[in-house]
Every structure is written in C-alpha cells, then in structure tokens.
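K.L.:
would you be able to build a 3D model of this:
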Amino acid sequence: MKIVIVGGGWSGCAAAVCAKKGGAEVTLLERTDMLLGTGLVGGIMRNNGRYTATEELIAMGGGEIFKIVDDNSKHKNIEFPGHSHANLYDIGKTPAAVLSYLKEIGVNVVFEARMTKANMEDNSIVSVEDAKGNVYEADVFIDTTGTAGPMNNCTKYGNGCAMCILRCPSFGGRVSLTGLTGIKEYVGKKANGSVGAMSGSCKLYKESLSSEIVEELNTKGVAVIPIPEELIEDHLDIKACQQYALKEFKKNVILLDTGHAKLMTPYYELAKLRMIPGFENARYEDPYAGGKGNSMRYFAMAPRDNKLKVEGVNNLFCAGEKAGLLVGHTEAIVTGTLAAYNSVKFYKGEEQLEIPRQLAIGEAIAYVKEQMETEEGLSKKYTFSGSVLFDRMKELGLYTINNSDIKNKVEELQLKDIFSYKTEVPSELNLQGAK
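P.N.:
Residues are numbered from 1 along each chain as shown. Next up, the predicted model:
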C-alpha cells in the first residue's frame with residue numbers, strides 16, 4: 001500500500017503519521033526545504049475550542065503530533081484578548097522535532113519536490129511528477145498543498161509579494177494537486193466580496209524590541225501594548241484569522257512569544273510601528289515586508305465529502321485548508337489525520353469514517369462543507385478558536401475543557417483509539433448515546 005502526500009504543512013505531517021500507522025509506505029512531498037508551511041510562523045494551540053478538538057483527536061488515538069507540540073511549547077495555559085488556555089509552541093524547535101519523528105517512524109520525506117503534473121488513468125491518479133522530472137507512483141494520494149500564494153495572487157489580490165515564509169520566489173509557487181487533475185476548486189472571499197484573505201500575523205525579531213517588552217514576553221508569553229489613537233491601523237476585515245478580529249487587536253499591539261515576537265496583525269506600517277514606545281528599533285522577521293502586506297490565502301479549496309475524499313477523482317483525499325475554509329494548525333492536524341485514515345480504508349476496500357457531528361471535529365468538517373456551498377458561507381472563515389465556528393460549538397454544547405467528558409463521549413461513539421487502528425469503523429455509530 002503506497003500513499004503519497006503532497007504538501008508538508010501541519011495537515012500533511014499529520015496525514016503521514018496516520019497513514020504510516022495504518023501500514024502504508026508513505027512518501028511526503030514538500031515544495032520547499034522545511035516542514036510545517038505556515039506553521040513555521042504560527043505557534044498558537046489549544047486556545048478556546050481548539051482545546052476540545054485536540055483532546056477529541058487524542059482520545060481517538062491520533063495525538064502523536066499534538067504531543068510533539070505540547071512537548072515543545074514555550075508557554076502553556078496562557079490568556080490573551082478573546083482567548084483562553086492557549087499553548088504557544090516554539091517555532092524554532094517544533095519543525096525539527098516533527099521532521100525527526102517522521103523519519104523515526106519511516107516516512108520518506110522529500111524536499112524541494114514541487115508538483116507539476118498528475119498522470120491519470122480511468123479517473124484515478126497513478127503518479128505525480130515534480131519540476132525536476134521525478135515520478136512518484138502510489139495507490140492513494142492526499143492533497144495537502146494549502147491555498148496560500150502563489151506570488152501572482154498576493155500581487156493581484158493583496159499588497160504584493162511580502163517575501164513570506166512560503167518563499168515562492170525561491171521554490172516556485174504553490175501548485176494544487178486537485179487542480180492538476182482538472183477539478184474546479186472553490187475560491188474564498190472577504191466579507192466585501194473581494195477574493196482571498198490575508199494571513200493574520202507577522203513575526204518581529206524579539207531582539208529588536210525594548211528590554212521591558214522582551215521581559216514581559218519571556219515571563220508571561222504575551223504582551224499587550226496600547227496604540228496611540230493617531231497610530232491605529234485597522235486591518236481586521238482582511239484577516240484570514242477572524243478569531244483575532246476583535247477590537248482589542250485594533251487598539252493594541254498584541255504580541256505572543258513563540259520564539260520570536262508574534263505580532264497579531266496582517267501587517268503594520270513600519271514607520272508607525274516604530275513610533276510606539278518600545279518598538280523604536282522594531283524589525284520584521286516574517287514576512288520581510290510586514291510593514292506593507294502578508295501572504296494571501298484561500299484561492300484553491302477542493303470539493304470534497306465529509307470523509308475528505310475529493311469529489312471527481314477516485315483515489316484522492318484532501319486536508320488542511322485544501323479541505324475548506326478552516327483556519328489553523330489544529331484544524332489542519334485533525335483533517336490530515338482523517339484523510340490519511342480514510343485513504344488506508346479506501347485502499348483496503350473497507351468502510352471509511354465520517355466523524356459524527358456530536359464531536360467538534362465532525363461538526364466542523366460537515367458545517368464548513370455546507371457553508372461553502374453558499375455565497376455567504378464562502379465569505380466567512382471557520383476555526384475552533386473563534387468567530388462563526390466557535391460560536392456554533394458553544395451553541396451546540398460542543399465546547400468543553402473537561403477531558404473526562406471528551407473521552408467518555410468518544411468512547412460512547414465507539415471511536416476510542418480508532419486512529420490507532422485498534423478499532424474498526426462502527427457499522428452504525430452510536431449517535432444516540434453521546435449527547
């Protein structure tokens with residue numbers, strides 16, 4: 001059983017772990033020379049409803065990636081405006097820890113492998129080719145190529161190439177595997193109807209900030225600095241991360257310690273930023289042009305079912321942002337795990353899993369699919385940690401930080417350790433038992 005995963009972000013890495021546990025020979029193809037994609041500048045886990053989703057996946061036997069993240073967290077259980085019980089992982093250490101684990105379990109990770117062609121037979125992918133002419137054959141493929149970039153999208157719909165961590169000028173722009181098969185993809189929109197959404201945060205060199213700010217970050221993990229009225233910039237509506245589109249993020253500079261200082265705004269004019277006390281020598285680490293713009297996202301999302309199988313291709317699954325308007329690392333990890341599990345089941349001709357909506361993960365996957373089939377839904381973003389989806393979780397009673405309750409619900413649904421392949425997909429999920 002050969003499974004090829006295209007895209008080495010959080011969802012691709014999670015998919016690789018789950019597919020390997022299922023007995024597959026796994027090849028993970030990454031366009032650049034580093035894993036985690038936008039996770040290289042991320043760092044926030046377990047905030048708000050992400051805690052629930054994390055513990056659900058752990059109870060279902062898919063917690064390996066989350067353990068690595070927890071083990072490499074600089075700060076745990078912190079609070080910042082609108083967000084509770086967050087962990088901040090070290091963006092310097094975590095990518096190497098993930099790569100080491102993938103190699104340890106026998107995943108074949110190939111860097112600088114930018115896909116340019118999908119070879120098809122009878123509506124199935126038989127192989128993919130990269131720009132260097134290398135051919136990768138497999139029985140099942142998983143598209144985790146994301147939706148950010150390439151450069152022309154950042155220029156046309158954003159403020160130009162901001163020279164971000166995706167490094168399209170050096171490694172070539174993102175290529176969608178789903179798109180290579182000829183499938184028409186969804187395009188996300190902003191609330192005003194324009195296309196795409198901008199990444200919601202930047203990184204500042206911590207060393208370029210005042211010693212007082214650095215001390216606060218190192219000890220508390222978060223620093224909130226009021227912005228003088230005349231220096232306020234309002235970029236809330238353009239953010240992909242609408243969970244951070246709160247008034248506090250407009251009126252304050254909010255920094256999180258993820259190794260560097262994570263600045264919770266898509267961009268901020270450097271000259272204005274340096275006028276704020278403590279930021280006189282501020283310098284952007286990512287994107288380099290963070291004074292002007294950031295990467296643009298949500299240009300290529302696959303039509304898929306709730307088992308994360310791409311509609312229109314026999315042996316293609318998807319995860320992460322490719323699976324819809326889901327924002328965040330936790331969202332990528334849970335969808336990557338499900339896509340890989342169902343890829344193994346597909347190969348074996350066994351029943352695939354659709355996670356029931358009694359769980360936050362199942363509700364997110366199903367609800368986003370429903371919403372993406374409407375014009376209004378395409379203009380919103382969905383995350384366990386805030387905005388539309390988190391509100392829905394609370395309304396449906398799906399948000400909890402009680403680990404025992406989460407474990408009990410997963411067990412009642414007969415899904416305990418299912419991603420460890422110790423449990424078969426129940427023929428009829430116990431949807432009445434878990435409230």
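
K.L.:
contacts and neighbour counts: CA atoms only from here.
P.N.:
Fine.

K.L.:
got the end-to-end distance for stretch 309-320?
P.N.:
Terminal residues of stretch 309-320 are spaced 13 Å apart (C-alpha to C-alpha, to the nearest Å).

K.L.:
ok, and what's touching that stretch?
P.N.:
Under the criterion C-alpha atoms under 8 Å, 6 or more residues apart in numbering, residues 10-12, 123-125, 139-144, 146, 178, 181, 183, 302-305, 308, 326, 331-333, 335-336, 339-340, 343, 346 lie in contact with stretch 309-320.

K.L.:
how about the strands in the stretch 251-400 of the chain?
P.N.:
Ranges of strands within the stretch 251-400 of the chain are 252-257, 261-263, 284-286, 296-297, 316-318, based on DSSP state E, counting those that start in this stretch.

K.L.:
then the stretch 51-200 of the chain?
P.N.:
For the stretch 51-200 of the chain, the strands defined by DSSP E, counting those that start in this stretch cover 73-80, 83-89, 108-110, 115-121, 124-130, 135-137, 140-143, 197-198.

K.L.:
out of the strands of the stretch 251-400 of the chain, which is closest to residue 61?
P.N.:
Smallest distance to residue 61 across those (C-alpha to C-alpha): 20.1 Å, for strand 316-318.

K.L.:
let me see the contact set for residue 426.
P.N.:
Listed by C-alpha under 8 Å, 6+ apart, the contact set of residue 426 reads 414, 415.

K.L.:
please redo it, this time with the cut-off set to 10 Å
P.N.:
Residue 426 makes contacts with 351, 352, 353, 413, 414, 415, 418, as judged by C-alpha atoms under 10 Å, 6 or more residues apart in numbering.

K.L.:
now do residue 146
P.N.:
Residues near residue 146 by C-alpha under 10 Å, 6+ apart: 6-9, 11-12, 37-38, 174-177, 297-302, 318-324, 332.

K.L.:
what of residue 126?
P.N.:
Going by C-alpha under 10 Å, 6+ apart, residue 126 touches 118, 119, 120, 136, 137, 138, 139, 140, 141, 315.

K.L.:
quick one on the thing from earlier: among the strands of the stretch 251-400 of the chain, which is the most enclosed?
P.N.:
Of all these, strand 316-318 has the most neighbours on average by mean count of other C-alpha atoms under 10 Å, namely a mean of 31.

K.L.:
skipping adjacent residues, who's closest to residue 366 in space?
P.N.:
Closest residue to residue 366 apart from its sequence neighbours, by C-alpha to C-alpha, 6 or more residues apart in numbering: residue 306 at 5.8 Å.

K.L.:
number of nearby residues for that neighbour?
P.N.:
22 (other C-alpha atoms under 10 Å).

K.L.:
hang on, the earlier thing: of the contacts of residue 126, keep whichever come out buried.
P.N.:
Among these, those buried by neighbour count (16 or more other C-alpha atoms under 10 Å) are 118, 119, 136, 137, 138, 139, 140, 141, 315.

K.L.:
with pLDDT and distance to residue 357 added, can I get the residues you listed in TSV?
P.N.:
Output for those, formatted as TSV (pLDDT from 0 to 100; distance: C-alpha to C-alpha, whole Å):
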residue	pLDDT	distance to residue 357
118	98	34
119	98	36
136	98	36
137	98	35
138	98	32
139	98	30
140	98	26
141	98	26
315	98	25
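
K.L.:
and those residues, which two are furthest apart?
P.N.:
136 and 315, at 14.6 Å, using C-alpha to C-alpha across these.

K.L.:
sketch out the helices for the stretch 1-150 of the chain, chain order is fine.
P.N.:
Here the stretch 1-150 of the chain has its helices, by DSSP state H, counting those that start in this stretch, at 10-21, 49-59, 64-71, 94-104.

K.L.:
make CSV out of the ones you listed and add mean pLDDT.
P.N.:
As requested, the helices of the stretch 1-150 of the chain are exported to CSV (pLDDT from 0 to 100):
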stretch, mean pLDDT
helix 10-21, 98
helix 49-59, 98
helix 64-71, 98
helix 94-104, 98
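
K.L.:
who touches the least confident helix or strand in the chain by mean pLDDT?
P.N.:
The weakest-scoring helix or strand in the chain, judged by mean pLDDT, DSSP states H and E, is helix 247-251 (a mean of 80). Residues outside helix 247-251 that contact it (C-alpha under 10 Å, 6+ apart) are 80-82, 224-229, 231-236, 244, 254-255, 263-265.

K.L.:
buried subset of the contacts of stretch 309-320?
P.N.:
Restricting these to buried positions leaves 10-12, 124-125, 139-144, 146, 178, 181, 183, 302-305, 308, 326, 331-333, 335-336, 339-340, 343, 346, with burial counted as 16+ other C-alpha under 10 Å.

K.L.:
contact partners for residue 331?
P.N.:
For residue 331, the contact set (C-alpha under 10 Å, 6+ apart) comprises 10-11, 50, 53-54, 319-321, 323, 325, 361, 364-365, 382-385.

K.L.:
could you check the pLDDT of it?
P.N.:
For residue 331, the model assigns a pLDDT of 97.

K.L.:
residue ranges in the stretch 201-350 of the chain under the pLDDT threshold?
P.N.:
Scanning the stretch 201-350 of the chain for pLDDT under 70 picks out 235-246.

K.L.:
what segments of it are helices?
P.N.:
Counting by DSSP H, counting those that start in this stretch, the helices of the stretch 201-350 of the chain are 211-220, 247-251, 270-273, 329-348.

K.L.:
point out the most buried one among those helices.
P.N.:
Across these, averaging neighbours per residue (mean count of other C-alpha under 10 Å) puts helix 329-348 on top, at a mean of 26.

K.L.:
got the contacts of residue 426 as CSV, with distance to residue 212 and neighbour count columns?
P.N.:
Output for the contacts of residue 426, formatted as CSV (distance: C-alpha to C-alpha, whole Å; neighbours: other C-alpha atoms under 10 Å):
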residue, distance to residue 212, neighbour count
351, 57, 13
352, 53, 21
353, 51, 21
413, 50, 22
414, 51, 21
415, 48, 26
418, 48, 21
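
K.L.:
and of these, the nearest to residue 396?
P.N.:
residue 413 (17.1 Å).

K.L.:
what's the spacing between the closest one and residue 352?
P.N.:
Taking C-alpha to C-alpha as the measure, residue 413 falls 15 Å from residue 352.

K.L.:
and if you look at residue 140?
P.N.:
Distance from residue 140 to residue 352, by C-alpha to C-alpha: 14 Å.

K.L.:
common neighbours of those two, please.
P.N.:
Common neighbours of residue 140 and residue 352 (C-alpha under 10 Å, 6+ apart) are 343, 344, 346.

K.L.:
which of those sits closest to residue 371?
P.N.:
Residue 371 has its nearest neighbour among the shared contacts of residue 140 and residue 352 in residue 343, at 24.7 Å by C-alpha to C-alpha.

K.L.:
can you tell me which residues contact the nearest residue to that closest one once chain neighbours are set aside?
P.N.:
Using C-alpha to C-alpha, 6+ apart and skipping residues adjacent in sequence, the residue nearest residue 343 is residue 140, 6.3 Å away. By C-alpha under 10 Å, 6+ apart, residue 140 lies in contact with 1-5, 24, 124-127, 314-317, 340, 343-344, 346-347.
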